[in-house]
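attaching a predicted model along with its sequence, questions to come.
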Amino acid sequence: MPTAMERSSSRRSESFWPTSAVKKLFNLGADANVFSADEDEDNSVRNRKVFRRYSESGISHTHFTYNQNFSVFAGTWNVAGKPPADDIDLSEWLLVKDAVDIYVVGFQEIVPLNPGNVLGAEDEGPATKWEAIIRRTLNGDRRQTKSAPSSPWREGVDDNSEASPDHTETSQPENFNKHKKAHSSSELEFGSSTQSKTSYVRMISKQMVGIFITVWVRKDLRQYIHNVKVSCVGCGLMGYYGNKGSVAVSMNFDQTSFCFVCTHLTSGEREGDELRRHSDVIEILRRTTFSKSDDGSPASILAHDRVLWLGDLNYRLSLSNGETKTLLDSENWSALLQKDQLKLAQSVGGVFHGWQEGAIEFAPTYKYKANSTEYSNGGEKQRTPAWCDRVLWKGKGLRQINYYRTEYTFSDHRPVTAMFVAEVELLKRRGPLRAADDASTLDFKKMHLGIVPLCGIEEKIRDAFLLPNATI
C-alpha cells in the first residue's frame, strides 16, 4: 500500500501531467491521424481499385494515361492567436474572382500558444470559425468563374485528348503592386465573358495546437481525390509538443500524389535559434509518415510526386535592425535576401537544398504593429523584419505563376500566397473525367496499346489493369 507521501506525489504528478498532455507528448492520441472532411453528399467516391492498377499490372502506364494541368492555391498565414471576426473578408486573399482547382490553406497560431492550449485538449473553436469563413468565401455568390475554350492552366495539353475535364481558367489577381507581383504575368490569360458558378468541398482539415491546414477542391473533382491521409509532427516543447512542428497532408489526384506540409518552426533571433529551425525541418522530414495502403501510396514527404511546403518558417535576416531598416526604406529586396537565413542555408547545401521558391518581390511579412502598416521596431521583444512566411515546392510537374503577400493588418504577419500550375496524370476515359467503375468505362480500342490482339490478350490486360492479383 502506498504511503501518504507517495499518494500525494502521485496526485501532484497527475495534476502536472494530465492525460491529454501525455498523449500529446507521445503522439498516442487515438485521433492523431484522424481528420475532418465534408461528407460525400453526391456519392461521387467511386471504387478506388481502379487507381494505380496499371503499376501492379506491369504494363506501361503511358498507354492508359495522359497529363493535364490544374491550378493550385497555396496560402499561409500566422494569425497571432486571434480569432477571426465574423465579417472578415478573405476574398482578396483567396482570389474569389478567379477560378482555382485546389486550395491549400495553412494557418499558424490559430490559437494562442499558452500552456493550456499546448498541453491541454485541442481548442477547435477558432479553426471552425476560419473554416466557415473560407466556405462562405469560396462558395458565396461573389465568386465568378470564366469558362473559356483556351485556359492557361491547360498549356501543353492535347485538346484532342479522349478525356478532357471541364476546366476553368485562372486570371491574374488585379491591382498587383510592389507587395503583390505576378511571377510571370505573360503566362496568364483571360477567358470569355461567360460566367458560371463553381463550388468547393473540403477534402481535409487537421489541427495540431496552433497549426491548422485545410484543403478544398472543386466539387466536380472530388471523386478523383483519394487516399487522403495526415501526419503530425511536434517539434516544440521537449522536442515533441505541437506548439511548433508540422501537419502534413497526403493525397492522390487520380494517378499523381501530392503532399502539403504546413509548418511552424522555432522562432527567435538569438544565437542557436537558426540551428533549431534547421533541426525542425530535418525532424519533420524524418518523422512524417503516412499509413501504408495496398496501392503503394507514398509513406514519406519526399516520396510524393508533387510537394508544397508552406508556413511560418521563422527564418530571419542576418542583419542588424538598423541595416535592415535602411534597405527596407529603399525597398532593396535583393540586398536583404542576400542575408536571408533560408537562402543562405540552401546555397551551401543545407536545409531545403534542392527545393524551389519563387522570386520574392514583396516586403518582409513580419513583424508588424497590431492593426498597422508599420513594422514593430520597439519594445522589449524587438523583432527585425523578415520573410518568415514562405511557400516552397519540390518535384517535377509544378510551375509557379504568382508569389505575393496580401495586405491584411489583422495579425503581426501578412499572409503569403503562391499560385501553381500542377501537372496531373489522368486515366483515359470516355467522358470528361467521368467515373470508371468497371472495365467497360475504358475504351481499350482507342488506347493504342501497341500489341497484337491474339489469344484474348486485350482481355488479360484489361483484367490486370482493373482487378486485384490478376496476371498476364
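Here it is on my side, so go on. Numbering: from 1, shown residues only.

okay, now the spatially closest residue to Ser199 that is not a sequence neighbour: neighbour count?
Spatially, and ignoring its direct neighbours in sequence, Ser199 is nearest to Lys219 (4.7 Å; Cβ to Cβ, 6 or more residues apart in numbering). Where you see a C-beta, it was placed from the backbone N, CA and C, and this is true even at glycine. Applying other Cβ atoms under 10 Å, we find 16 other residues in the vicinity of Lys219.

what about Leu265, distance to Tyr408?
According to Cβ to Cβ, to the nearest Å, Leu265 and Tyr408 sit 22 Å apart.

neighbour count winner among those two?
Leu265 (27 against 16).

got the contact list for that one?
Contacts for Leu265 (Cβ atoms under 8 Å, 6 or more residues apart in numbering) come out as Cys235, Lys244, Arg276, Arg277, Asp280, Val281, Gly311, Asp312, Leu313, Asn314, Tyr315.

try it again with 7 Å
Lys244, Arg277, Asp280, Asp312, Leu313, Asn314 (Cβ atoms under 7 Å, 6 or more residues apart in numbering).

just give me the neighbour total for the fifth one.
Yep, that's Leu313 we're talking about. 27.

was I right to think it contacts Val391?
No - the criterion here is Cβ atoms under 7 Å, and Leu313 misses it with Val391 at 9.6 Å.

in stretch 402-415, which residues are buried?
Asn402, Tyr403, Tyr404, Arg405, Thr406, Tyr408, Phe410, Ser411, Asp412, His413, Arg414, Pro415 (16 or more other Cβ atoms under 10 Å).

in CSV, list those residues along with distance to Leu327 and pLDDT.
Converted to CSV, the buried residues of stretch 402-415 look like this (distance: Cβ to Cβ, whole Å; pLDDT from 0 to 100):
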residue, distance to Leu327, pLDDT
Asn402, 24, 96
Tyr403, 20, 98
Tyr404, 20, 97
Arg405, 17, 98
Thr406, 23, 98
Tyr408, 24, 97
Phe410, 26, 95
Ser411, 24, 97
Asp412, 20, 97
His413, 20, 98
Arg414, 18, 99
Pro415, 23, 99
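
for Ile282, give me phi and psi.
Main-chain torsions, Ile282, degrees, to the nearest 10: phi -60, psi -40.

distance of it relative to Phe352?
11 Å.

so which of those two has more stuff around it?
Applying other Cβ under 10 Å to Ile282 and Phe352 shows that Phe352 carries more neighbours, namely 20 against 13.

for that one, helix, strand, or coil?
coil (DSSP: H, G, I helix; E, B strand; the rest coil).

tell me where the stretch 351-472 of the chain has helices.
With helices called from DSSP state H, counting those that start in this stretch, the stretch 351-472 of the chain shows them at 457-466.

residue ranges with poor pLDDT in it?
378-380, 430-472 (pLDDT under 70).

hey, where'd the strands end up in it?
389-394, 398-405, 416-427 (DSSP state E, counting those that start in this stretch).

OK, contacts around Leu342?
Leu342 neighbours (Cβ under 7 Å, 6+ apart): Leu313, Tyr315, Phe352, Arg390.

from those, which is closest to Thr324?
Comparing the contacts of Leu342 against Thr324 with Cβ to Cβ places Tyr315 closest, at 13.8 Å.

I figured the closest one hits Asp340, correct?
Yes - Tyr315 lies in contact with Asp340 (Cβ under 7 Å); the separation is 6.5 Å.

quick one: the contacts of Leu342 as CSV, columns for distance to Ile134 too.
Output for the contacts of Leu342, formatted as CSV (distance: Cβ to Cβ, whole Å):
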residue, distance to Ile134
Leu313, 23
Tyr315, 27
Phe352, 28
Arg390, 21
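
coming back round to it: out of the contacts of Leu265, which are inside helices?
Arg277, Asp280 (DSSP state H).

among the contacts of Leu265, which one has the most neighbours?
Lys244 (29 neighbours).

pull the number of nearby residues for the closest residue to that residue other than its chain neighbours.
Leaving aside its sequence neighbours, Lys244 sits nearest to Gly236 (Cβ to Cβ, 6+ apart; 3.8 Å). When neighbours are counted by other Cβ under 10 Å, Gly236 registers 22.

correct me, but Gly236 touches Gly242?
Yes - assessed by Cβ under 7 Å, Gly236 is found in contact with Gly242 at 6.1 Å.

buried set for the longest strand along the chain?
Looking across the chain with DSSP state E, the single longest strand is strand 65-78. By 16+ other Cβ under 10 Å, the buried positions in strand 65-78 come out as 65-66, 68-78.

ditto for stretch 370-389
For stretch 370-389, using 16+ other Cβ under 10 Å, the buried residues are Tyr375, Ser376, Arg383, Thr384, Pro385, Ala386, Trp387, Cys388, Asp389.

output those residues as CSV; include the columns distance to Met419.
Listed next are the buried residues of stretch 370-389 as CSV, based on distance: Cβ to Cβ, whole Å:
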residue, distance to Met419
Tyr375, 26
Ser376, 29
Arg383, 28
Thr384, 29
Pro385, 24
Ala386, 23
Trp387, 18
Cys388, 20
Asp389, 15
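
and the pLDDT at Asp38?
pLDDT recorded at Asp38 is 80.

doesn't it belong to a strand?
No - Asp38 is assigned coil when assessed by three-state DSSP, not a strand.

residues near it, how many?
16.

that one: what's it in contact with?
Per Cβ under 7 Å, 6+ apart, neighbours of Asp38: Val201, Arg202.

dump the residue contacts of Val79.
Phe107, Glu109, Ile110, Phe410, Ser411.

relative to Ser318, how far out is the residue nearest to Ala370 when sequence neighbours are not counted?
Setting aside the residues directly before and after it, Ala370 is nearest to Asp412 in space (Cβ to Cβ, 6+ apart), at 6.7 Å. Plainly put, Asp412 is 21 Å away from Ser318 if you go by Cβ to Cβ.

same check on Leu119?
Distance of Leu119 to Ser318, given as Cβ to Cβ: 34 Å.

look at the two and report which has more neighbours.
More crowded of Leu119 and Ser318, by other Cβ under 10 Å: Leu119, with 20 against 16.

hmm, back to that, pick the one among the contacts of Val79 closest to Val215.
The closest of these, once distances to Val215 are taken by Cβ to Cβ, is Phe107, at 12.6 Å.

looking at it, that closest one is touching Trp77, isn't it?
Yes - counting by Cβ under 7 Å, Trp77 is a contact partner of Phe107 at 5.7 Å.

helix or strand for Lys325, which one?
Using DSSP states H and E, the element containing Lys325 is helix 321-329.

what of Val233?
Using DSSP H and E, Val233 falls in strand 225-234.

packing partners of that strand?
strand 200-208, strand 245-253, helix 273-287 (3 or more Cβ pairs under 7 Å, 6 or more residues apart in numbering; DSSP states H and E).

pull the CA atoms of the second one into CSV?
The reference is to strand 245-253. These are the backbone C-alpha positions of strand 245-253, laid out as CSV (Å, rounded to 0.1, in the frame of the first residue of the first chain):
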residue,chain,number,x,y,z
GLY,A,245,6.1,21.4,-35.9
SER,A,246,4.0,20.3,-38.9
VAL,A,247,0.8,18.9,-40.1
ALA,A,248,1.3,17.2,-43.5
VAL,A,249,-1.5,16.0,-45.9
SER,A,250,-1.0,13.3,-48.4
MET,A,251,-3.5,12.7,-51.2
ASN,A,252,-3.7,11.3,-54.7
PHE,A,253,-5.3,13.2,-57.6
